[in-house]
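Chemist: What follows is a protein structure lacking sequence information:
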């Protein structure tokens with residue numbers, strides 16, 4: 001009897017799972033296909049240095065690329081009425097000169113689009129960001145974890161946001177010492193073996209000490225790299241940038257994080273209305289995406305050398321699909337190397353007689369296809 005009851009319950013459980021699975025329909029809100037295109041304001045007012053603001057427009061989910069808001073007039077205004085212009089540097093990107101703004105004043109951003117619409121952010125108090133105490137790392141069973149620590153002795157910051165820029169040294173599958181230029185084989189003039197890759201953070205990283213007695217952030221897990229990551233193969237650097245937020249600004253970023261990073265599953269939170277502090281001056285009901293704060297920011301850089309990591313770690317190179325070099329006979333040099341997708345590596349000799357060259361596809365030889373061969377100023 002027990003065996004029969006067990007089989008019945010298993011059958012009912014299976015039916016229930018099928019029914020629940022059939023009830024999960026893909027949710028496509030009308031806004032994803034809305035004919036409206038709303039202004040998106042990305043950036044903050046930097047008290048010590050240039051301020052960079054990027055303006056774009058929302059787009060339908062299936063559309064590409066993101067439309068920028070070009071030819072706008074953008075200014076910073078303080079509560080005393082002084083204005084600071086942000087000339088357009090490239091389509092949709094506006095940047096001021098390096099400035100040192102009074103932290104005792106409140107600031108707002110003003111925007112006038114090419115279509116004549118005027119937008120302004122709310123006046124916000126300036127925030128002083130405390131220094132980053134340290135950026136550290138540790139190997140875990142999940143990979144290489146980068147941590148950031150900070151504190152504020154005055155217990156006045158409480159709300160933090162972090163971004164980071166990564167740079168890493170790598171090399172291509174094969175070095176090339178010669179190049180075919182205008183029908184002549186010659187020694188290569190430019191390094192295309194060693195390059196630097198660059199990538200900036202996209203995830204929203206937030207931390208709060210509002211529920212703690214002391215304003216101390218210790219070992220916040222900022223970045224997790226797979227232990228086999230190509231970024232760790234030779235030398236890796238991460239520049240961590242820290243921003244102090246107001247409680248209102250933190251709430252905005254927290255909501256944006258939930259709306260963009262925690263959707264899609266049956267038990268994930270549903271998207272909520274995103275309300276920033278930028279408004280159309282003639283139509284308060286028009287949605288505008290963005291929150292413009294005013295603060296200083298602090299930064300700290302960390303380097304990790306391959307020699308600091310355990311020797312048992314085996315890194316990917318990114319060139320695992322590259323096969324062994326081929327051979328091009330001397331008589332076929334012009335035919336094969338006139339194709340820019342095939343590059344010579346070095347000469348082949350029989351005794352002292354040149355008989356041809358080794359070769360490999362450019363994607364396996366020219367590291368510039370994945371980065372830059374210009375050494376960064378900060379690189380040791």
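Modeler: Received, thanks. Worth saying up front: this structure is predicted, and the values here are computed from it rather than measured.

Chemist: what's near enough to touch residue 106?
Modeler: 78, 79, 123, 124, 125, 126, 294 (C-beta atoms under 8 Å, 6 or more residues apart in numbering). Every residue, glycine included, has its C-beta placed from N, CA and C.

Chemist: how about a cut-off of 6 Å?
Modeler: Residues near residue 106 by C-beta atoms under 6 Å, 6 or more residues apart in numbering: 79, 123, 125.

Chemist: Next up, the contacts around the first one.
Modeler: The contact partners of residue 79, taken as C-beta under 6 Å, 6+ apart, are 105, 106, 123.

Chemist: got a pLDDT number for it?
Modeler: Confidence at residue 79, expressed as pLDDT, is 98.

Chemist: Distance of the residue nearest to residue 78 when sequence neighbours are not counted relative to residue 77?
Modeler: The shortest distance from residue 78 to any non-neighbouring residue, by C-beta to C-beta, 6 or more residues apart in numbering, is to residue 105 (4.6 Å). In this view, residue 105 and residue 77 are 10 Å apart by C-beta to C-beta, to the nearest Å.

Chemist: Could you look up the SS state of residue 347?
Modeler: The three-state assignment at residue 347 reads strand, by DSSP: H, G, I helix; E, B strand; the rest coil.

Chemist: low-scoring stretches of the stretch 1-150 of the chain, by residue?
Modeler: Within the stretch 1-150 of the chain, the ranges that satisfy pLDDT under 70 run 1-35, 61-62.

Chemist: how about 90 then?
Modeler: Applying pLDDT under 90 to the stretch 1-150 of the chain picks out residues 1-37, 59-66.

Chemist: all strands of it, in order?
Modeler: Counting by DSSP state E, counting those that start in this stretch, one finds strands in the stretch 1-150 of the chain at the ranges 39-43, 45-46, 48-49, 52-57, 73-78, 83-85, 88-90, 93-95, 99-100, 106-112, 118-121, 124-127, 132-140, 143-151.

Chemist: Need those strands in JSON lines (columns: distance to residue 227).
Modeler: Output for these, formatted as JSON lines (distance: least, C-beta to C-beta, whole Å):
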{"stretch": "strand 39-43", "distance to residue 227": "33"}
{"stretch": "strand 45-46", "distance to residue 227": "36"}
{"stretch": "strand 48-49", "distance to residue 227": "36"}
{"stretch": "strand 52-57", "distance to residue 227": "34"}
{"stretch": "strand 73-78", "distance to residue 227": "44"}
{"stretch": "strand 83-85", "distance to residue 227": "46"}
{"stretch": "strand 88-90", "distance to residue 227": "38"}
{"stretch": "strand 93-95", "distance to residue 227": "36"}
{"stretch": "strand 99-100", "distance to residue 227": "43"}
{"stretch": "strand 106-112", "distance to residue 227": "42"}
{"stretch": "strand 118-121", "distance to residue 227": "43"}
{"stretch": "strand 124-127", "distance to residue 227": "37"}
{"stretch": "strand 132-140", "distance to residue 227": "7"}
{"stretch": "strand 143-151", "distance to residue 227": "5"}
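
Chemist: wait, which of those is closest to residue 67?
Modeler: Nearest to residue 67 among those is strand 52-57 (4.5 Å), distances taken as C-beta to C-beta.

Chemist: What lies in contact with the closest one?
Modeler: 37, 40, 42-43, 66-69, 72, 74, 86, 92-95.

Chemist: what's the closest of the contacts of residue 79 to residue 276?
Modeler: Using C-beta to C-beta, those come closest to residue 276 at residue 123, 14.1 Å.

Chemist: give me the beta-bridge partners of the closest residue to the closest one other than its chain neighbours?
Modeler: Nearest non-adjacent residue to residue 123, counting by C-beta to C-beta, 6+ apart: residue 106, 4.3 Å away. Beta bridges link residue 106 to residue 125 when assigned by DSSP bridges.

Chemist: do you know how far residue 106 is from residue 43?
Modeler: Per C-beta to C-beta, residue 106 is found 17 Å from residue 43.

Chemist: And residue 111, by the same measure?
Modeler: Distance from residue 111 to residue 43, by C-beta to C-beta: 11 Å.

Chemist: More neighbours: these two, which one.
Modeler: Using other C-beta atoms under 10 Å, the more surrounded residue of residue 111 and residue 43 is residue 111, with 26 against 20.

Chemist: now that one, nearest residue through space, not along the chain?
Modeler: residue 119 is the one closest to residue 111 (C-beta to C-beta, 6+ apart), at 4.3 Å.

Chemist: before we move on, what about residue 53?
Modeler: Residue 53's closest residue in space is residue 43 (C-beta to C-beta, 6+ apart), at 3.8 Å.

Chemist: Show the contacting residues for the one you found.
Modeler: 52, 53, 54.

Chemist: where exactly do the helices run in the stretch 201-350 of the chain?
Modeler: 247-261, 333-337 (DSSP state H, counting those that start in this stretch).

Chemist: hey, least reliable of those helices by pLDDT?
Modeler: helix 247-261 (a mean of 95).

Chemist: Now do the buried residues in that one.
Modeler: Residues 249, 250, 252, 253, 254, 255, 256, 258 are the ones in helix 247-261 that count as buried (16 or more other C-beta atoms under 10 Å).

Chemist: Correct me if wrong: the first one contacts residue 291.
Modeler: I take that to be residue 249. Yes - Residue 249 is within contact range of residue 291, at 5.5 Å (criterion: C-beta atoms under 6 Å).

Chemist: what distance separates stretch 187-204 from the centre of its chain?
Modeler: 15 Å (C-alpha atoms, centre = their mean, to the nearest Å).

Chemist: Quick one: mean pLDDT for that stretch?
Modeler: According to the model, stretch 187-204 has a mean pLDDT of 98.

Chemist: In it, which residues are buried?
Modeler: Using 16+ other C-beta under 10 Å as the test for burial, stretch 187-204 gives 188, 192, 193, 195, 196, 197, 201.
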